[in-house]
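1. Below is the sequence, then the predicted model.
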There are 2 protein chains.
Amino acid sequence: MHAFDVLGDPVRRRILELLAEGEQTSGAVSAVIQEEFGISQPAVSQHLRVLRENGFTAVRAEGTRRLYSVDSTPLREVDVWLERFRGFWNQRLDALATEIARGKRERRQGSPGSPNAPTGRTPTRKEK
Amino acid sequence: MHAFDVLGDPVRRRILELLAEGEQTSGAVSAVIQEEFGISQPAVSQHLRVLRENGFTAVRAEGTRRLYSVDSTPLREVDVWLERFRGFWNQRLDALATEIARGKRERRQGSPGSPNAPTGRTPTRKEK
DNA sequence: GACTTATATAAGTCTACGCTGACATAGTGG
DNA sequence: CCACTATGTCAGCGTAGACTTATATAAGTC
């Protein structure tokens, strides 16, 4: 299974965002996700299992609790996949700089269209 | 719709890989995808539409043909999302360097486990 | 106009996946 | 031992999305 297949779900992405901030109990993760996405504890647990089984998280027991931490190794796969597109970004930035320089020289045109601002936070399923 | 939602499908990822190599006709893309994934022309066309409508590709007409090119802007969203995990990669590399140095000093241990090699090419749905 | 090629769209089918409620298992403390 | 908390697992359900076949539309040729 490819990393993108795992990350194709907004709940799992959100879980990883939460774990990126630091190790957390299953219950704490579940509380946030239940609140944000309006799904049940077993649903969250299933997502945790997908992440665990695909290497995105590590888990250790502490009494009755399970503490989950992120394992970012599989995310390298995403980064590697992105590599083929990074050249395009640089080209577009170069083109934009050229356009701005031309705009300053000519002093007649309106401002160029601003690039898309990426989403700051993953939208919840409720918002879709 | 988040970029990861679009990229959560292996066909769409493969299409983008093909387009990253250069502009192509719908038909050419379709031929490769049909061969690799064993799906029909309309199925490929539907995926192209998802990509188009979510800004991942640009299309221009040339006679009866449609030429598709990649627009990598939405992929920035993926890159930004990845940002929070990059620190972890560096930590692991630092830890690995330390481990190797320790290994050389002690001269008694086997070689440390090698990191996961990322997949070179996206697996096809047939292979799953 | 009739025909061809190119490919997008429409309408219907099917199943994988994400969900649920119930409950099993593990651990703790009195 | 019992009651409780924590959370993973089970079994079943519903639907979103990926698929199909049929065909509409666009462009070009003779």
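-> All right, it came through fine. As the structure is a prediction and not an experimental result, all values here were calculated from the model.

2. Need the pLDDT of the nearest residue to A:L75 once chain neighbours are set aside.
-> The shortest distance from A:L75 to any non-neighbouring residue, by C-beta to C-beta, 6 or more residues apart in numbering or on different chains, is to B:F85 (5.1 Å). Every C-beta, even on glycine, is put in place using the N, C-alpha and C of the backbone. Note on B:F85: pLDDT of 94.

3. ok, now which ones touch B:F85?
-> Residues near B:F85 by C-beta atoms under 8 Å, 6 or more residues apart in numbering or on different chains: A:16, A:20, A:70, A:72, A:75.

4. Could you tell me how far it is located from DNA strand D?
-> Distance check for B:F85 against DNA strand D: by C-beta to the nearest atom of the strand, to the nearest Å, it reads 22 Å.

5. thinking A:A58 is in contact with A:S72, fair?
-> No. Using C-beta atoms under 8 Å, A:A58 is not in contact with A:S72, being 10.6 Å away.

6. wait, doesn't A:F4 sit right on B:V11?
-> No. A:F4 is beyond contact range of B:V11, at 11.6 Å (criterion: C-beta under 8 Å).

7. what about A:A58 and A:S72, which has more around it?
-> A:S72 (23 against 14; other C-beta atoms under 10 Å in any protein chain shown).

8. Assign the more buried one to helix, strand or coil.
-> coil (DSSP: H, G, I helix; E, B strand; the rest coil).

9. Report the spatially nearest residue to A:D71, omitting neighbours in sequence.
-> Counting by C-beta to C-beta, 6+ apart, A:D71 lies nearest to A:A58, which is 5.1 Å off, once chain neighbours are set aside.

10. Please state the mean pLDDT value computed over the helix or strand harbouring that neighbour.
-> Counting by DSSP states H and E, the element that carries A:A58 is strand A:57-62. What strand A:57-62 shows for mean pLDDT is 95.

11. Show me how far that strand is from its chain's centre.
-> Counting by C-alpha atoms, centre = their mean, to the nearest Å, strand A:57-62 is centred 22 Å from the centre of its parent chain.

12. and what of stretch A:61-71?
-> That offset, for stretch A:61-71, works out to 22 Å (C-alpha atoms, centre = their mean).

13. Point me to the residue of chain A nearest DNA strand D.
-> Proximity of chain A to DNA strand D (C-beta to the nearest atom of the strand) peaks at A:G27, 2.1 Å away.

14. So that residue versus DNA strand C, what's the distance?
-> The gap separating A:G27 from DNA strand C is 12 Å, by C-beta to the nearest atom of the strand.

15. same question, A:Q41
-> The gap separating A:Q41 from DNA strand C is 7 Å, by C-beta to the nearest atom of the strand.

16. Quick one: neighbours of the nearest residue to that residue once chain neighbours are set aside, just the number.
-> Excluding its sequence neighbours, the residue lying closest to A:Q41 (C-beta to C-beta, 6+ apart) is A:S30, at 5.2 Å. Using other C-beta under 10 Å, A:S30 is surrounded by 21 other residues.
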